[in-house]
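# what's the 3D shape of this:
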Amino acid sequence: MGSKRKSTGGSEKSSKTSKTAASTKSSPGDISISIDTSKANVQPVLAKFSAAVPAVASSFATYKSVDSNKKDACLVVNETEKIEFVGQNYEDGKKLNSGSRYLIGVYDKETDTVTFRAAPLVNVNTVIKSLKSARGVLDRNISNAVIQARNELGEAFGNKKRKAQIRSEERNKINMDTVKGDMGIIEASIEKRISTMPSEKDLAAEANVSRPLPKFDSEAKTPEAIYDMEDVLPKALQSHIDILPFIKNTDAEGYKPFIAARSQFIYKKIERILGVTKPDTVELRRTIYLNYLMRFYGMQNKFLRNRAECIKSLSCSPEIADAIFDIFTDCDAGSHNQDGSPVFVKTTATENKLACYIAVLMLSLNKWTAYPSELAADLNIPGKKAETYFQNVGCKLEAASAADIAANTYSKRPRSGGNKIAILKAPVQFPKASLRGSK
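Below you'll find the model as predicted:
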């Protein structure tokens with residue numbers, strides 16, 4: 001409750017009680033009035049809101065000025081998730097409503113006493129946080145007043161650490177008048193740096209160079225023209241892939257011993273290729289090479305130390321094994337085998353490259369579509385990881401029904417979450433390069 005104090009006449013009793021801190025009722029039915037002039041730590045404040053009003057249970061922080069010329073200056077602050085409420089009883093160096101005085105009265109039912117206490121009137125301005133940057137000078141003044149009041153409070157009551165922090169903030173405060181004088185220099189420096197920055201096209205080209213992929217044409221008009229399959233499987237290596245055991249053995253049981261990878265995709269593709277009168281030898285060699293890469297993907301680094309055992313496990317020629325080691329491993333500097341030869345290991349980067357070559361070969365053998373669930377089963381990896389490999393080679397993932405997957409895949413070990421089909425479309429679009437460096 002708030003009221004203006006007026007110099008009106010009153011009863012003798014009221015006149016006397018107004019000079020004391022409190023009074024007691026003299027008889028039933030009479031109400032005593034008193035004015036509390038004590039200087040308590042918590043002072044009431046009368047607020048006038050210009051716009052939105054906060055919730056009833058809102059709590060305001062109150063600050064008083066330490067300026068001797070403005071001892072009665074008061075600042076109240078409240079903040080919600082979207083709105084700031086800032087109130088003050090001084091504006092432009094002048095006190096608001098200087099010709100009036102406001103009091104707040106509290107009625108005590110037990111003593112039938114109304115106690116009045118002086119309360120400053122503050123105008124509370126509403127600041128929408130999302131529009132703060134566009135509100136102009138008034139908001140900055142209010143914000144500066146809040147900061148100044150908090151700093152004054154910290155200087156008066158803060159500990160050494162808080163006072164040191166306030167002084168540090170004051171030292172680091174930017175003088176905007178000084179900055180305005182240097183605006184030309186700053187703008188020229190920014191323009192110079194911008195002119196030397198690479199364009200979006202340059203960044204894309206740089207990212208493409210670092211991708212762990214075979215040679216590709218990002219502007220190709222058809223899926224078949226995107227990847228250079230000669231780079232995936234050079235002609236020099238094709239001659240070292242022995243296809244005679246497959247051509248001579250029309251029965252699957254006859255050529256299965258020459259398939260190193262435990263892949264239903266490989267088995268079925270070779271069966272389809274050999275099921276015609278004149279097998280496609282280029283496609284057969286690609287399938288056999290894919291078989292080598294799948295088997296190599298599953299080998300652990302400790303097994304790679306023995307090159308002879310690797311060749312035996314891959315069921316390939318030494319030339320093929322050397323090419324695979326050269327493309328998909330790195331030399332472990334400082335490590336040597338017992339015979340003194342260097343140690344080659346698969347790193348995260350080379351393993352990603354190996355998986356991308358496998359994905360490209362699978363796509364080329366399946367009309368440029370593939371099912372990540374099938375790759376996940378054949379490489380024994382999570383379905384999400386298989387999807388990532390296909391995305392890395394430029395495939396778009398689309399939803400696939402369980403019936404489609406069952407009809408078009410051969411794996412007997414389907415992975416959970418394998419409800420996608422990977423499709424390579426032209427022009428190819430790759431995912432944005434990760435900011436993480438390769439290990």
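
# point out where the stretch 1-150 of the chain drops to low pLDDT.
Low-confidence segments of the stretch 1-150 of the chain (pLDDT under 70): 1-29, 40-42, 51, 57, 92-93, 130-145.

# what are the ranges of the strands in the stretch 51-200 of the chain?
Here the stretch 51-200 of the chain has its strands, by DSSP state E, counting those that start in this stretch, at 61-64, 74-79, 83-88, 90-91, 94-95, 102-108, 113-118, 121-128.

# adding mean neighbour count, write those strands out as a markdown table.
(Glycine included, C-beta is placed from N, CA and C.) Shown next, in a markdown table, are the strands of the stretch 51-200 of the chain (neighbours: other CB atoms under 10 Å):
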| stretch | mean neighbour count |
| --- | --- |
| strand 61-64 | 16 |
| strand 74-79 | 20 |
| strand 83-88 | 21 |
| strand 90-91 | 17 |
| strand 94-95 | 12 |
| strand 102-108 | 15 |
| strand 113-118 | 18 |
| strand 121-128 | 18 |
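
# what's opposite residue 115 in the beta bridge?
The partner list for residue 115 in beta bridges (DSSP bridges) reads residue 34, residue 106.

# and for the one 10 residues further on?
The bridge-partner assignment for residue 125, based on DSSP bridges, gives residue 86.

# thought it was touching residue 52?
No. In this structure, residue 125 is not within contact of residue 52 by CB atoms under 8 Å, at 10.4 Å.

# quick check: domain ranges of the protein?
Domains of the chain are assigned by automatic domain parsing as 2-172, 223-424.

# pLDDT of the longest one, averaged?
Here domain 223-424 scores 89 as its mean pLDDT.

# ok, which of the strands of the stretch 51-200 of the chain comes nearest residue 235?
For the strands of the stretch 51-200 of the chain, the distance to residue 235 is smallest for strand 121-128, at 69.0 Å, taking CB to CB.

# what packs against that closest one?
With contacts defined as 3 or more CB pairs under 8 Å, 6 or more residues apart in numbering; DSSP states H and E, the packing partners of strand 121-128 are strand 46-49, strand 74-79, strand 83-88, helix 137-157.

# distance from the first one to the middle of the chain?
So that's strand 46-49. Strand 46-49 has its C-alpha centroid displaced from the chain centroid by 42 Å (CA atoms, centre = their mean, to the nearest Å).

# now do the buried residues in it.
By neighbour count on 16 or more other CB atoms under 10 Å, the buried set for strand 46-49 is 46-47.

# list the contacts of it.
Where contact means CB atoms under 8 Å, 6 or more residues apart in numbering, the residues beyond strand 46-49 that reach it are 2, 60, 76, 85, 87, 102, 104, 119-124, 126.

# export those residues to JSON lines and append columns for distance to residue 94.
Output for those, formatted as JSON lines (distance: CB to CB, whole Å):
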{"residue": "2", "distance to residue 94": "21"}
{"residue": "60", "distance to residue 94": "23"}
{"residue": "76", "distance to residue 94": "18"}
{"residue": "85", "distance to residue 94": "22"}
{"residue": "87", "distance to residue 94": "16"}
{"residue": "102", "distance to residue 94": "17"}
{"residue": "104", "distance to residue 94": "23"}
{"residue": "119", "distance to residue 94": "19"}
{"residue": "120", "distance to residue 94": "14"}
{"residue": "121", "distance to residue 94": "13"}
{"residue": "122", "distance to residue 94": "14"}
{"residue": "123", "distance to residue 94": "12"}
{"residue": "124", "distance to residue 94": "18"}
{"residue": "126", "distance to residue 94": "22"}
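
# can you pick out the most distant pair from those residues?
104 and 126 (22.8 Å).

# quick revisit: winner for burial among the domains of the chain?
When the domains of the chain are scored by mean count of other CB atoms under 10 Å, the highest mean neighbour count falls to domain 223-424 (a mean of 17).

# distance between the ends of stretch 59-69?
28 Å (CA to CA, to the nearest Å).

# look up how far residue 237 lies from residue 217.
Going from residue 217 to residue 237 by CB to CB, to the nearest Å gives 22 Å.

# before we move on, back to that, adding distance to residue 195, write the domains of the chain out as a markdown table.
Formatted as a markdown table, the domains of the chain follow (distance: least, CB to CB, whole Å):
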| stretch | distance to residue 195 |
| --- | --- |
| domain 2-172 | 28 |
| domain 223-424 | 32 |
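
# out of those, nearest to residue 200?
Here domain 223-424 is closest among the domains of the chain (CB to CB), at 18.2 Å.

# how close does the residue nearest to residue 224 when sequence neighbours are not counted sit to residue 398?
Setting aside the residues directly before and after it, residue 224 is nearest to residue 368 in space (CB to CB, 6 or more residues apart in numbering), at 7.1 Å. In this view, residue 368 and residue 398 are 13 Å apart by CB to CB.

# let me see the contact set for residue 421.
Contacts of residue 421 (CB under 8 Å, 6+ apart): 369-371, 397-400, 404-405.

# which SS state does it fall under?
strand (DSSP: H, G, I helix; E, B strand; the rest coil).

# still on that earlier bit, what sits against the residue nearest to residue 224?
Contacts for residue 368 (CB under 8 Å, 6+ apart) come out as 223-224, 423-424.

# biggest separation within those residues, which pair?
Across these, the longest distance by CB to CB is 13.4 Å; it joins 224 and 423.

# gap between stretch 191-203 and the chain center?
With CA atoms, centre = their mean as the basis, stretch 191-203 stands 25 Å off its chain's centre.
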